[in-house]
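# whatever this is, show me its structure:
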Amino acid sequence: MQLTVPSPISHPWVLDTSRTPPVYTRPVVGSELFADRASTFGDGLSEVCMGANFTSSYNKVEIQQRVRRALAKLRSFCPIIAATVEGPDDGTYTRHWVYLPMQDESDCNSWLDSVFATEDRGSSLGAQQFVDKMVRSRLPVDSSGTRSVFQCYLLVDDTGVYGLYFHGSHSILDGWPTLFALGLMFEWMAADSLDTPVNLEFGAEYKNLPLDPVSVSGGSREAWAMSGAELFAEAVQQRTRPTPTLVLLPPSRNVCTNGPRVRLEHVFSPSETGKIVAVSKRNGLSPTQLLEAAHCLALASSNPELSLSSEIDFSAETTIASLEKEFIGQVNKKTHFVSAFSVMPVRIPMRKILDVDSRRERLLLAASALKAEYARYQRNPCLSHLLVAQSAVPLPAPTADSGDQPAPHINPTMLTNLGKVDARLPSEYVNQTGDRVLRVHDMCFGHRITTPHVILHSWTFEDGLHIQLQASDVWESDSDRAYLERFLDTMRSLILEQLD
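Numbers count the residues shown, from 1 in each chain. Predicted structure coming up:
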């Protein structure tokens, strides 16, 4: 039976006067709902801890004061960080953002006390260890049973290094919006004077609540009846296509979410990174397409028996398509601190590509095939609303052998390229007289992973290309970890071969 999905519509914030005091509310939509469902049904799956490590000419006491002041300003410019998500968590009924405006300075300070903490890390900052600790735990629940969507931490150590970290729901903490929010925090921390009171217009910050994914990208699409319906049908078809796909086959053990997260990372040098960009341009490709091609060929190398199948596909059906380029003029991308993306149901046949002898040629063929798929989906005027439409379809009811809750459909492997981090999170910040007072040295992040699946991210920072692999503790044995290390090394070597 073919599903008929109506054109996604805008959902403005409305004032609910039936509550005392009144609150602002709107439905959780699109990628916001995608992340919320993953967390709800996956025991916190996809909750994020992300931040940056920095040094400053300000002393420790000043840094603490400046972080707290900057966080109060972030609440004013990005009030969604003080909202809650309410409603049934059965995957059928709509859940809503609920926001109670700030009443006064005392109310703001109470909120700061509940979401901000300083952690002394002793002789070494150990940012990765901090991130690991945070993603092993769920976000806190208050006395009413409502789960927090946002927490902020200042890390300090004995050597003068600091860390500024957010821990929150992926419904808010998408990569690009989070980088912008961190950048705003650092900008205010560096430039604002401690002698001047924070000027907040209490009760008026609700005007800065973020537009929903449909509104922020220009409203409903007139072409949905044809182009949107075709795109939706194709996404369903891609998921149900019987051809086997390349995957990292997980161990059969159960996931223990309290165990250590497996994290592997490779960093290409600035000179290697420059050559990767040059090779991509010379072949009419983007670095993202080259990385994704290396990803799919590394999957093939990790499963040689599967690669011999008569037909085999590479599937990346949740390839992220940010809505940022489609933001309407009134939206400031630096303060639109909420999830805003759609997905492309990318899938390419691999048989002919794998039959080519040259690894270098295979990589370019795969990258070109991916490029063609990206372009095809990006030409569809309704792509930005596909995930909104998909999320509007109720999840299937649990069956007798599927447990108490239906599990969200998560692609076995996924690569997300965050691009040039420095473009959203600059490395240097100055005070009011133009003196450099704060420098960001690196970025660190992790996700709560409660499934056996593997997550890949790439980004560049200060001209170095990073590839990070994350997996749950189900992969922690020596043999399983070695399997993942070989996979990442294959990606690395495939890229480097193009530079010779």
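# pull the contacting residues for the most centrally placed residue in the chain.
By C-alpha atoms, centre = their mean, the mean C-alpha position of the chain lies nearest to Asp174, the distance being 3.7 Å. Residues in contact with Asp174 (C-beta atoms under 8 Å, 6 or more residues apart in numbering) are Ser31, Val338, Ser339, Ala340, Phe341. (C-beta placed from N, C-alpha, C; glycine too.)
# where does the third one land in three-state SS?
Taking DSSP: H, G, I helix; E, B strand; the rest coil as the rule, one finds Ser339 in the coil state.
# please shift the residue numbers so they start at 33 in all later answers.
Noted, 33 is the first residue going forward, which turns the last one into Ser371.
# that one against Ser63, yeah?
Yes - the pair formed by Ser371 and Ser63 meets the contact definition of C-beta atoms under 8 Å, at 4.3 Å.
# distance check, Tyr286 against Met446.
Wrong residue type there; residue 286 is Asn, not Tyr. 22 Å (C-beta to C-beta, to the nearest Å).
# show me where the stretch 133-282 of the chain has its helices.
Ranges of helices in the stretch 133-282 of the chain, per DSSP state H, counting those that start in this stretch, are 137-147, 159-167, 207-223, 245-248, 259-272.
# so which of those is nearest Pro38?
Judged by C-beta to C-beta, the one of those that comes nearest to Pro38 is helix 259-272, at 9.4 Å.
# excluding residues flanking it in the chain, which one is nearest Pro484?
Pro282 (3.2 Å; C-beta to C-beta, 6 or more residues apart in numbering).
# next, count neighbours for the one you found.
Pro282: 18 surrounding residues under other C-beta atoms under 10 Å.
# thought it was touching Ser509?
No - contact criterion C-beta under 8 Å: Pro282 and Ser509 do not qualify, at 11.8 Å.
# for stretch 100-114, the distance to its chain's centre please.
Relative to its chain's centre, stretch 100-114 lies at 20 Å (C-alpha atoms, centre = their mean, to the nearest Å).
# now that stretch: buried residues?
100-114 (16 or more other C-beta atoms under 10 Å).
# quick one: which of those is nearest to Ser39?
Ile112 (25.2 Å).
# hmm, that closest one is touching Leu241, no?
Yes - contact status for Ile112 versus Leu241: in contact at 6.1 Å, counting by C-beta under 8 Å.
# which stretches of the stretch 283-432 of the chain have low pLDDT?
Filtered on pLDDT under 70, the stretch 283-432 of the chain yields the residue ranges 284-285, 287-291, 338-339, 341, 426-432.
# and the helices in it?
Counting by DSSP H, counting those that start in this stretch, the helices of the stretch 283-432 of the chain are 302-314, 319-334, 336-339, 383-386, 391-410, 418-423.
# list the helices and strands the fifth one packs on?
The reference is to helix 391-410. helix 319-334, strand 345-354, strand 373-381, helix 383-386, helix 510-529 (3 or more C-beta pairs under 8 Å, 6 or more residues apart in numbering; DSSP states H and E).
# check the first one too.
Contacts defined by 3+ C-beta pairs under 8 Å, 6+ apart place helix 302-314 against helix 319-334, strand 496-503.
# could you confirm Asn85 falls within a strand?
Yes - according to three-state DSSP, Asn85 belongs to a strand.
# neighbours of it, how many?
Counted with other C-beta under 10 Å, Asn85 comes out at 19.
# can you pull the contacts of it?
Leu157, Ala159, Leu187, Val193, Tyr194, Gly195, Val472, His473, Asp474, Met475, Cys476.
# about what we covered before: residues contacting the residue nearest to Pro484?
Contacts of Pro282 by C-beta under 8 Å, 6+ apart are Pro444, Pro484, His485, Val486, Val506, Trp507.
# now, which of those sits nearest Phe234?
Distances from Phe234 to the contacts of Pro282, taken by C-beta to C-beta, are shortest for His485, at 43.9 Å.
# in the protein, where is pLDDT below threshold?
33-36, 123-125, 284-285, 287-291, 338-339, 341, 426-444.
# show me the longest strand that occurs in it.
When the chain is parsed with DSSP state E, its longest strand is strand 468-479.
# what pairs with that one, parallel or antiparallel?
strand 80-88 (antiparallel), strand 460-462 (antiparallel) (DSSP bridges).
# helix or strand right after that strand?
strand 486-493 (DSSP states H and E).
# what's that following strand packed up against?
Right, strand 486-493 is packed against helix 319-334, strand 445-452, strand 468-479, strand 496-503 by 3+ C-beta pairs under 8 Å, 6+ apart.
# ranking the contacts of Asn85 by neighbours, who comes first?
Neighbour max across those (other C-beta under 10 Å) = Tyr194, 27 neighbours.
# any idea how far that one is from Thr305?
Distance from Tyr194 to Thr305, by C-beta to C-beta: 27 Å.
# buried stuff in stretch 180-193?
Quick answer for stretch 180-193 (16+ other C-beta under 10 Å): Ser180, Val181, Phe182, Gln183, Cys184, Tyr185, Leu186, Leu187, Val188, Asp189, Val193.
# TSV for those, including distance to Ala325?
Output for the buried residues of stretch 180-193, formatted as TSV (distance: C-beta to C-beta, whole Å):
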residue	distance to Ala325
Ser180	39
Val181	36
Phe182	36
Gln183	37
Cys184	38
Tyr185	37
Leu186	40
Leu187	37
Val188	42
Asp189	40
Val193	37
